[in-house]
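[1] Fold the stuff below for me.
(chains A and B)
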Amino acid sequence: DGGITQSPKYLFRKEGQNVTLSCEQNLNHDAMYWYRQDPGQGLRLIYYSQIVNDFQKGDIAEGYSVSREKKESFPLTVTSAQKNPTAFYLCASRAGNQPQHFGDGTRLSIL
Amino acid sequence: GQNIDQPTEMTATEGAIVQINCTYQTSGFNGLFWYQQHAGEAPTFLSYNVLDGLEEKGRFSSFLSRSKGYSYLLLKELQMKDSASYLCAVRDRGYQLIWGAGTKLIIKP
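    Numbering: from 1, shown residues only, chains lettered A, B, ... in the order given. Below you'll find the model as predicted:
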């Protein structure tokens, strides 16, 4: 079945550590997105990519990095520079004018 | 600036009808989306409006007035499984989605 797979479902980070969240899609979608969701707030855009080997910063890119070496993969690294990383992270993809569809999310917590 | 407003929380009774409003101010408009999000899960797409008027899809309908910057999601014959947050999002000039904070809908028996 086609879809978006995020892993892991839960992730814990120690102080000073970088962690990478995986996002893979087999929908052949060109556009991919990373969002952060905090309790009681809307989704905030971290990074997005419209095409392979290209990506743009969203509203809250500081402390995060991404790569888009393959069409189906858009990993997000939460660096030690992100001082408040505890949140629910959502990856989405889109084809053309269609709605964005989401993976199941990764919940990141600080140890 | 860009802004989307929705009520924070609403309560309704099983079997009844509820209307969730959304007002927006964005830089350009390329469509409005409604998503449903159950607690701890990812959002799932419900409806899309780009022209004024009502779009009906089973028990759910969505209305748009571009001149008023206003939309609503109408849920009929409410079921307990409809307890969730409902997110309004507008696609702006740059084709990015601007998200409201969501409306938590509580259904009581």
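
[2] what sits against the residue nearest to the spatial centre of chain A?
    When CA atoms, centre = their mean is applied to chain A, the residue found nearest the centroid is residue A:34 (3.2 Å). With contact taken as CB atoms under 8 Å, 6 or more residues apart in numbering or on different chains, residue A:34 is in contact with A:23, A:45-48, A:58, A:64, A:66, A:74, A:76, A:89-91. In this view, the C-beta of every residue, glycine as well, is placed from N, C-alpha and C.

[3] same deal with residue A:32?
    When contacts are counted by CB under 8 Å, 6+ apart, residue A:32 touches A:23, A:25, A:48-49, A:68, A:74, A:91-94.

[4] Find the nearest non-adjacent residue to it, please.
    residue A:74 (4.1 Å; CB to CB, 6 or more residues apart in numbering or on different chains).

[5] Backbone torsions only: list them for the residue nearest to residue A:40 when sequence neighbours are not counted.
    Sequence neighbours aside, residue B:101 is the residue nearest to residue A:40 in space, at 6.5 Å (criterion: CB to CB, 6+ apart). Backbone torsions for residue B:101, taken as degrees, to the nearest 10, come to phi -80, psi -10.

[6] And residue B:101, how close does it get to residue B:6?
    Using CB to CB, to the nearest Å, residue B:101 is found at 6 Å from residue B:6.

[7] again with residue A:99
    In terms of CB to CB, residue A:99 sits 18 Å off from residue B:6.

[8] Tell me the strands beside the strand or helix carrying residue A:109, with direction?
    Counting by DSSP states H and E, the element that carries residue A:109 is strand A:106-110. In the sheet, strand A:106-110 lines up against strand A:10-13 (parallel), strand A:87-94 (antiparallel) (DSSP bridges).

[9] need these in a markdown table with mean pLDDT and mean neighbour count, can you?
    Formatted as a markdown table, these follow (pLDDT from 0 to 100; neighbours: other CB atoms under 10 Å in any protein chain shown):
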| stretch | mean pLDDT | mean neighbour count |
| --- | --- | --- |
| strand A:10-13 | 92 | 14 |
| strand A:87-94 | 97 | 23 |
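
[10] Tell me who's in contact with residue A:30.
    By CB under 8 Å, 6+ apart, the residues touching residue A:30 are A:50-51, A:71, A:94-95.

[11] From these, list the buried ones, please.
    A:71, A:94 (16 or more other CB atoms under 10 Å in any protein chain shown).

[12] The residue nearest to the centre of chain A - that's part of a helix, no?
    No: with DSSP: H, G, I helix; E, B strand; the rest coil as the criterion, residue A:34 is strand rather than part of a helix.

[13] Can you pull up the residues of chain B that come close to chain A?
    B:4, B:8, B:33, B:41-45, B:48, B:87, B:89, B:96-97, B:99-102 (CB under 8 Å from any CB of the partner chain).

[14] Any of the residues you listed buried? List them.
    B:4, B:33, B:42-43, B:48, B:87, B:89, B:96-97, B:99-102.

[15] about what we covered before: mind listing which of the contacts of residue A:30 are in helices?
    With helices defined by DSSP state H, no entry of the contacts of residue A:30 lies inside them.
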